[in-house]
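Participant: kindly generate the corresponding structure for this input.
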Amino acid sequence: MRFFILLSYILTISLSSNITAIGLSEDGTGQVLLYPYYTVADKQDTLISITNIQKNTKLVRFNVRESLNSQLVYSFDLILRPNDNWSAAITLRDDGATLVSADTACTMPAELAGKAGKLGQRALFSKNNYQTDLQNTGIERTQTGHIEVIEMGVLSSELASKAAPPQRDCASIQTQYDDIAAQLTRPTGGLHGYGVIINPEQGTAVNYDAEALVDFSARSLYRPLSSGKPDLGSGSSTIAYIKTPTGPFQQPFDSGADAVSAVLTKTKLTNDFVLDESINSRSYWVVTLPTKYLYTQRSEPTEPFGVLWDPETTKACIGYIPYPLINGATGKNTLQVFDREAKDYSNNECQKRRAQLGSGFSTTLPSSVCVKHVETFCYGASLLNLNNSNNFSSANIDETSSRPGLFTVYPAPPFSGTLHYKMHSMPTHKIRSSWNDDVLGLPSIGFAVQVYVNGSLNGTIANYAVSTKHKTLTQVVDN
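Facilitator: Here you go, the predicted structure:
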C-alpha cells in the first residue's frame, strides 16, 4: 500500500511545478511570522517589530489572538515596502490590550498609520469572538496572547508606488481596496521579526525572535478582514519539510493545517532553569500551540490534540503530568529534571516530604522531582511556572504553574539545571501523514526566561532578564 501512496505522490509532483514544502526557516525569514507571546498584564508592554528584507512591496495580515482559545481579538493589514521596518507597542488601556504605532506605513484600517511624527489611532482589542464562552468573557482576556503575521502577496507596481515615501498616498490605496486581490501575486517571503516584553517597574526587557515559516503558500491569500482569514490553515502547501535527528523528511498531509502543524511539532522541549533565592532568580517557560485553534473548535476531537474547547471551563487540556496519570488516563512520564551536575532527581526526597507536600503531589514518579498532578497545555499560549516564578503575571497561567509551581524541589533552592518536557505524553499527541507516518508530539513554539531581581544596589537598579529559545527534538515513526 505504501508503494502506491508513494507512486501517487510522485505523479502528483510531476504534474505540478507549483508544489512546495512548507518548513521552518533556517535564516529567520519567511512568509509567516509567529510571535509566541505578548502581555500587558501588570502594566507591562510588548513591542513588536516586522521587517521586509526583499525588493518587493508586500501586503501582510496581522492577526492578534488571545491566549486562552486563540480567538482573534484584532486584525489589520499592513503594506511593507522593500527593506521596510514596522514596529508597534501593545499596551494596557481600560483593562484591555491595545496596539499603537507611530509608523507611517499604509494600513487598513487607515487610521492605524502614524502621521508627521504623531501616533496613529490606538486600536482597541475586542472581546466579541469569545462571548459564547460561559466565563472569562471580559476584556481582560485580551491582556495576553500570541500573534501571527501572514504575507498575503506582493503588490502590483502601481499600488507599490503609491505606498512609497515620502508622499505616501494611502487614501488612494484605500479606495481600491475592494479590488486589492487583483493587485496581488504569490507571496515570496523575506519577512523577519521579534518581540520585546518590557516590565517598567522592574526595569527588565525580555526579547525573542519570531518563528518564521517558508513556502506557506504558492498563491495569493487575500481575504476580507471580516472573514477572519487567512489563518494558519489557509496556505496552499500540504507537504511538510520536517527535520529529525536522522535527517530531514518531506511528508505529504491531507491539509495545509496538518502540514503546518507537522512542521511545528516537537516531540520534546528542553531548556534551562535557575532557582536561587540568594540572587532572587526566577524561571518560567512560554509554550504556545499556534495551530491548536484549528483543531479544538471542530465537531469531533482530532489528532494531534484530541480534545475540544470547553466553553464552560474555558479550557482544552490535552495532557496530564506526571505518570501514573489521574482520572484513569494512560500515558508516559512527561518530565525529567537534571541539576547542573547531571543528577537525575529521584523521588526519594518527595517520599520523605509527603506530609508537607499534601495529597496533590505525586510520590510515584520514577525519575524526577516532586511534581503536582495537574492538567497541561489547556490554553493556546501557556506559562509554565517553575517554583513560584511568574514575572509576566499572566491571567492565562497554566495549571502546571499554579503556585507553588510546576515542580517543587527538595532540598530547597538554590537549584538550577535542565528540564526536559516530553510532548508525546498521550497516544493522541501525534499527526499522521498521507504516507501513514506519525510525527510525534505537539505543534509548539516558545522560550524560557530567567529573571534576576536584585532591586537597587548602591543606587543603581540591578534587575536583569534573559530569554533562550527552547531546544527541540522531533521524531517521525513509520507505521
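Participant: which one is Leu80 nearest to, not counting chain neighbours?
Facilitator: Nearest residue to Leu80, sequence neighbours excluded (C-beta to C-beta, 6 or more residues apart in numbering): Asn52, at 3.9 Å. Where C-beta positions appear, they are placed from N, C-alpha and C, glycine not excepted.
Participant: let me see the contact set for that neighbour.
Facilitator: By C-beta atoms under 8 Å, 6 or more residues apart in numbering, the contact list for Asn52 reads Lys58, Leu80, Arg81, Pro82, Asn83, Asp84, Gly190, Leu191.
Participant: retrieve the pLDDT associated with the last one.
Facilitator: Okay, so that is Leu191. Per-residue confidence (pLDDT) for Leu191: 98.
Participant: isn't it up against Ala212?
Facilitator: Yes: the criterion here is C-beta atoms under 8 Å, and Leu191 meets it with Ala212 at 6.9 Å.
Participant: thinking again about what came up before, of the contacts of Asn52, keep whichever come out buried.
Facilitator: Among these, those scoring as buried are Lys58, Leu80, Arg81, Asp84, Gly190, Leu191 (criterion: 16 or more other C-beta atoms under 10 Å).
Participant: poorly predicted segments of the chain, please.
Facilitator: Across the chain, the ranges flagged by pLDDT under 70 are 1-19, 319-335, 344-375, 387-414, 456-457.
Participant: just to revisit the earlier point, and the residue nearest to Leu80, bridged to which residues?
Facilitator: On the basis of DSSP bridges, Asn52 is bridged to Leu191.
Participant: partners of the closest residue in space to Val214 that isn't next to it in sequence in the sheet?
Facilitator: Of all residues not flanking Val214 in the chain, Gly30 sits nearest, at 4.4 Å (C-beta to C-beta, 6+ apart). Beta-bridge partners recorded for Gly30 (DSSP bridges): Leu191.
Participant: wait, what's in contact with Gly30?
Facilitator: Gly189, Gly190, Leu191, His192, Ala212, Leu213, Val214, Phe216.
Participant: ok, the fourth one touching Gly28?
Facilitator: Yes: if you go by C-beta under 8 Å, His192 and Gly28 touch, sitting 4.9 Å apart.
Participant: neighbour count: those two, which is higher?
Facilitator: Set His192 next to Gly28 and count neighbours by other C-beta atoms under 10 Å: His192 wins out with 20 against 16.
Participant: on that earlier part again, which neighbours do Leu191 and Ala212 have in common?
Facilitator: Listed as contacting both Leu191 and Ala212 by C-beta under 8 Å, 6+ apart are Thr29, Gly30, Val32, Leu33.
Participant: can I get these in CSV including distance to Val154?
Facilitator: Shown next, in CSV, are these (distance: C-beta to C-beta, whole Å):
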residue, distance to Val154
Thr29, 15
Gly30, 14
Val32, 15
Leu33, 16
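Participant: how far away is Ile150 from Thr468?
Facilitator: Distance of Ile150 to Thr468, given as C-beta to C-beta, to the nearest Å: 27 Å.
Participant: more neighbours, these two?
Facilitator: Ile150 (25 against 12).
Participant: now the residue nearest to Val214: how far from Asn85?
Facilitator: Using C-beta to C-beta, we find Gly30 at a distance of 16 Å from Asn85.
Participant: break this protein down into its domains, please.
Facilitator: Following automatic domain parsing, one gets these domains for the chain: 23-227, 239-478.
Participant: nearest to Gly233, of these?
Facilitator: Nearest to Gly233 among those is domain 239-478; the distance by C-beta to C-beta comes to 3.7 Å.
Participant: first-to-last residue distance for the closest one?
Facilitator: 17 Å (C-alpha to C-alpha, to the nearest Å).
Participant: and stretch 234-249, by the same measure?
Facilitator: 22 Å.
Participant: buried residues, that stretch. List them.
Facilitator: Of the residues in stretch 234-249, those buried (16+ other C-beta under 10 Å) are Ser234, Gly235, Ser236, Ser237, Thr238, Ile239, Ala240, Tyr241, Ile242, Lys243, Phe249.
Participant: same check, this time on stretch 55-68
Facilitator: Across stretch 55-68, burial judged by 16+ other C-beta under 10 Å covers 56-68.
Participant: quick check, nearest of those to Leu275?
Facilitator: Leu275 lies nearest to Ser67 out of those, by C-beta to C-beta, at 24.4 Å.
Participant: how far away is the closest one from Leu289?
Facilitator: From Ser67 to Leu289 the distance is 10 Å (C-beta to C-beta).
Participant: which residues do those two both contact?
Facilitator: Both Ser67 and Leu289 are contacted by Gly380, Ala381, Ser382, under the criterion C-beta under 8 Å, 6+ apart.
Participant: can you pick the most crowded of those?
Facilitator: Counting neighbours by other C-beta under 10 Å, Ala381 comes out on top of these with 30 neighbours.
Participant: what sits against it?
Facilitator: If a contact means C-beta under 8 Å, 6+ apart, then Ala381 has Pro36, Tyr37, Ser67, Ser70, Thr144, Gly145, His146, Val286, Val287, Thr288, Leu289, Asn396 as its contacts.
Participant: so the third one sits right up against His146, yeah?
Facilitator: Yes: look at Ser67 against His146 with C-beta under 8 Å: they come within range, at 6.8 Å.
Participant: give me the common contacts of those two.
Facilitator: Counting by C-beta under 8 Å, 6+ apart, the contacts common to Ser67 and His146 are Tyr37, Gly380, Ala381.
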